[in-house]
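[1] what's the 3D shape of this:
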Amino acid sequence: MQAVKGIHTENVRFLLDSGARIEASDFLGQTALMAAAFAEKKENIDTLIGYGAKVDAVDHSGKTALMIAARYGKIAGVLALLDHRADINKKDDDGRTAFMHAAEGGHMEVARALKDRGANIDEQANNGETALQLAVRMRDEHALQLMALGASVDVKNKMGFTPLMEAIIHAGSTLTQELIKRGVDVNAKNKKGFTALMYAVERDDVSLVWDLIRRGANVDAADNDGKTVLMYAISRPFSEKSEELADILIRHGVNVDAADNDGKTALMYAAANWRSSGPVILKLCASGASIKAVKNDGETAFVIAEKSRNREGTAALHHVLAAIEKKEALRAAELAGKKLEEDEESDGDGHLFGDEEDCRDSKW
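    Have a look, this model is predicted:
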């Protein structure tokens, strides 16, 4: 194999003519052909294949010479192997193709060459990931180039993650914005029921939340546990943007009284958030959240706040309750006043049953 990595093709021929085993491999299972492809020695690749080397032989991880050359950006090795009809869509033990290896390594010249020679750019690995999803976790520019090659932007992996979700979690705003512009399904859910909007909220990305909503993201989306976008926005104790995110969602008509599978509402999540719940509680209640809602186990927001030792939340809830009681008292007084006026107006002289003539004419 050391001779293969060198420049002297005659040495390769000499060894082969002397009985060297052409499919001999190292501790990784890699053959002389794989070494030649990595070294980009076209003459040695041609010689080995001419002597009978298997172009699609695999190492201990199922990788072929083409995959190895693609993974490390060895364009000359890739082209030479393709000229010998290497299986361009063959998969390794993880289900990854040469195109995926090129994309993950950020070798766009190799990726373009493979695509031009017939590679399936949307092939999925054993975990359902495509080349685009692999690239998203690496660099924005590589993923953008793959999209320019025509990579599908809506393929999900086996956990249900879309390229948009991966971009929000791993990449920057440039890639995320480009995916949104390309019309991705912003309401797609993964296996846990999470949407792109939930991931944007968890990252406190206010700008992205606005963009997703403008593109039609469902503000009332809930995961498999019934936890809504609003609940995610206000339930993280170290978020500095809970109030702002809640305000955005409320402005767009979010259901403030939606409950998760345990009957827990957004107000209850806020009550459990000991760090910054006061302003959020006041905002939710001002938007119509029910302070009297009860969880499946009978707990209210008051109970949750007290159990969480959330003094700020408890104070806010008492403030809201006092305001409600005052409003109800004023409303009761107003209704009583109106009733008195109506009773007085029923008789011009203020008599409850009208004048004497009316009473006499009554059959009673």
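
[2] Can you give me the neighbour number for residue 118?
    As a burial measure, residue 118 scores 9 neighbours (other CB atoms under 10 Å). (Each C-beta comes from the backbone N, C-alpha and C, glycine too.)

[3] Residue 120: neighbour count?
    Around residue 120 there are 15 residues (other CB under 10 Å).

[4] Helix, strand, or coil at it?
    coil (DSSP: H, G, I helix; E, B strand; the rest coil).

[5] Let me know whether it touches residue 97 as I believe.
    Yes - contact criterion CB atoms under 8 Å: residue 120 and residue 97 qualify, at 7.2 Å.

[6] any common contacting residues for the two?
    residue 89 (CB atoms under 8 Å, 6 or more residues apart in numbering).

[7] wait, doesn't residue 295 sit right on residue 260?
    No - counting by CB under 8 Å, residue 295 sits too far from residue 260 to count as a contact (9.2 Å).

[8] Phi, psi for residue 75 please.
    The phi/psi pair for residue 75 (degrees, to the nearest 10) reads phi -60, psi -40.

[9] and what of residue 228?
    Per-residue torsions, residue 228: phi -90, psi 170 (degrees, to the nearest 10).

[10] for residue 324, same thing?
    phi -60, psi -50.

[11] Tell me how far it lies from residue 288.
    Using CB to CB, to the nearest Å, residue 324 is found at 12 Å from residue 288.

[12] okay, the two: which has more neighbours?
    For residue 324 versus residue 288, the count of surrounding residues by other CB under 10 Å is larger for residue 324: 13 against 10.

[13] wait, what's in contact with the closest residue to that one other than its chain neighbours?
    Once flanking residues are discounted, residue 324 sits nearest to residue 291: 6.9 Å by CB to CB, 6 or more residues apart in numbering. Residues in contact with residue 291 (CB under 8 Å, 6+ apart) are 267, 285, 300-302, 317, 320-321, 324.

[14] Just the ones in helices from those residues, please.
    267, 285, 301-302, 317, 320-321, 324 (DSSP state H).

[15] Show me the shaky parts of this structure.
    1-20, 24, 238, 275-276, 328-364 (pLDDT under 70).

[16] how is it carved up into domains?
    Per the record, the chain has its domains at 1-120, 219-364, by automatic domain parsing.

[17] Looking at these, which one is packed in the most?
    With neighbours taken as mean count of other CB atoms under 10 Å, these reach their highest mean count in domain 1-120, at a mean of 20.
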